[in-house]
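>>> With the input below, show me the fold.
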Amino acid sequence: MGDRIKLKKQTSVEEKLKTPSLYKVLLKNDDYTTMEFVITVLQAVFHKSVAEAEKIMLTIHFQGVGHCGTYPHAIAETKADQTRIMARKQGYPLRAIVEEA
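Residues are numbered from 1 along each chain as shown. Predicted structure coming up:
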């Protein structure tokens, strides 16, 4: 009788792909940044239509904070940074914050 070769049963490794965590970008109201500038930021950075930008701007104005979008972390941070840079260049103290969704 010949030697028996034992073969290990090959198991398939199932890779679980995890959906990246999402983060909200919020703009906070202040007494100096103009409504027009906030609308400009919402259109330029967050690609909102005029109607969407006006609605978010009014939410920021009346409620103190407005949700601009939800993104993976790196994109959310980039959009918040772009907002801050635009605001500082124009002399506005507009605050953009990122928080986990």
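>>> how many neighbours does residue 80 have?
Number of residues near residue 80 (other Cβ atoms under 10 Å) recorded here: 21. Every C-beta, even on glycine, is put in place using the N, C-alpha and C of the backbone.
>>> where does the nearest residue to it once chain neighbours are set aside fall, helix, sheet strand or coil?
Once flanking residues are discounted, residue 80 sits nearest to residue 96: 4.0 Å by Cβ to Cβ, 6 or more residues apart in numbering. Here residue 96 is recorded as strand under DSSP: H, G, I helix; E, B strand; the rest coil.
>>> contacting residues around residue 96?
25-28, 68, 79-81, 83-84, 87 (Cβ atoms under 8 Å, 6 or more residues apart in numbering).
>>> Out of those, list just those in strands.
Counted as lying in strands by DSSP state E, out of the contacts of residue 96, are 25-28, 68.
>>> At which residues are the strands of this structure located?
With DSSP E as the criterion, the chain has strands at 22-28, 65-72, 95-100.
>>> in stretch 75-87, what counts as buried?
Neighbour-count burial for stretch 75-87 flags 75-76, 79-80, 82-84, 86-87 (criterion: 16 or more other Cβ atoms under 10 Å).
>>> Closest one of those residues to residue 56?
Checking these against residue 56 by Cβ to Cβ gives residue 83 as the nearest, at 12.3 Å.
>>> Look up how far residue 39 lies from the closest one.
Distance of residue 83 to residue 39, given as Cβ to Cβ, to the nearest Å: 13 Å.
>>> then the helix ranked longest in the chain to PDB, C-alphas only?
Determined from DSSP state H, the single longest helix within the chain is helix 73-89. This file holds the C-alpha atoms of helix 73-89, laid out as PDB (Å, rounded to 0.1, in the frame of the first residue of the first chain):
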ATOM      1  CA  HIS A  73     -13.500  61.300   7.200                       C
ATOM      2  CA  ALA A  74     -10.800  62.600   4.800                       C
ATOM      3  CA  ILE A  75     -13.400  64.200   2.500                       C
ATOM      4  CA  ALA A  76     -15.200  65.800   5.400                       C
ATOM      5  CA  GLU A  77     -12.000  67.300   6.800                       C
ATOM      6  CA  THR A  78     -10.900  68.500   3.400                       C
ATOM      7  CA  LYS A  79     -14.300  70.300   2.800                       C
ATOM      8  CA  ALA A  80     -14.100  71.900   6.300                       C
ATOM      9  CA  ASP A  81     -10.500  73.000   5.600                       C
ATOM     10  CA  GLN A  82     -11.600  74.500   2.300                       C
ATOM     11  CA  THR A  83     -14.400  76.400   4.000                       C
ATOM     12  CA  ARG A  84     -12.100  77.800   6.700                       C
ATOM     13  CA  ILE A  85      -9.500  78.900   4.100                       C
ATOM     14  CA  MET A  86     -12.100  80.600   1.900                       C
ATOM     15  CA  ALA A  87     -13.500  82.400   5.000                       C
ATOM     16  CA  ARG A  88     -10.100  83.500   6.300                       C
ATOM     17  CA  LYS A  89      -9.200  84.900   2.900                       C
END
